[in-house]
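Peer 1: Sequence and predicted structure, then a few things I'm wondering about:
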Amino acid sequence: MTAVTVPCSESWNREQRAESPTQRLDRNWLCLLQELRVVLTGVQLLTGFLLTLPFQQRFSSLDGNMRGLYLATVACSIAATALLTAPVALHRLVFRRHMLSWLVTASHRLTVLGLLLLGAAVSGVATMIFEVLAGLAAGVTAGAGILTTWVLLWLALPLLARRGTRADVL
């Protein structure tokens, strides 16, 4: 992949998009909300599924390690849900306060952290399912494979793609 250098100034947004700094923030906020709409249903379903597991008959047969993995997984999923829904609460609480720049920046950071925890939760779920159905080796292999896939797609690929570029805001 070839990186594209983006000038670090408002002039690029004005020249290329004919938008003001406020319009750029509005666009960034709307893009972030659209991304959250995509991921929120999945994280909420995952969290709901995990919260029902202790009430299943076979849950009591899990050993201490599996219970620990379950607790870590459900904690990651709940934390991801909180972080990925936080931008909406932030928006409500700073609405009409002219804090859009802060809102976009804070929401971006919360979303990135929420996505990382979601990746950890999905890896934990895969580990649990494969271990229960196919044994410890299959569980560890599945969990490690899925975690590796998340890291490659959600961290390595975007970080590699953005090499040599700079953010368009200071």
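Peer 2: It's in.
Peer 1: how about the spatially most central residue of the chain, what does it touch?
Peer 2: For the chain, Leu115 is the residue whose C-alpha lies nearest the centre (C-alpha atoms, centre = their mean; 1.2 Å). Listed by C-beta atoms under 8 Å, 6 or more residues apart in numbering, the contact set of Leu115 reads 39, 80, 84, 154. From N, CA and C alone the C-beta is placed, and that goes for glycine too.
Peer 1: List of residues touching stretch 84-102?
Peer 2: By C-beta under 8 Å, 6+ apart, stretch 84-102 touches 22, 25-26, 29, 32-33, 36, 39-40, 43, 103, 106-107, 110-111, 114-115, 118.
Peer 1: Span of it from start to end?
Peer 2: 16 Å (C-alpha to C-alpha, to the nearest Å).
Peer 1: Show me what counts as buried in that stretch.
Peer 2: 84-87, 90, 100 (16 or more other C-beta atoms under 10 Å).
Peer 1: from these, which has minimum pLDDT?
Peer 2: Across these, the bottom pLDDT score, 90, is held by Leu100.
Peer 1: Next one: Leu45 from Leu152, what distance?
Peer 2: Distance of Leu45 to Leu152, given as C-beta to C-beta, to the nearest Å: 24 Å.
Peer 1: Please disregard the earlier target; I meant Leu90.
Peer 2: Applying C-beta to C-beta to Leu90 and Leu152 gives a distance of 30 Å.
Peer 1: Likewise for Leu83?
Peer 2: As judged by C-beta to C-beta, Leu83 and Leu152 stand 22 Å apart.
Peer 1: ok, now Leu136?
Peer 2: 24 Å.
Peer 1: and if you look at Val104?
Peer 2: Separation of Val104 from Leu152 (C-beta to C-beta) stands at 27 Å.
Peer 1: what do you get for Gln16?
Peer 2: 31 Å.
Peer 1: Check Pro158 too.
Peer 2: 10 Å.
Peer 1: Please apply the same query to Ala106.
Peer 2: 27 Å.
Peer 1: for Leu30, same thing?
Peer 2: Counting by C-beta to C-beta, the gap from Leu30 to Leu152 is 28 Å.
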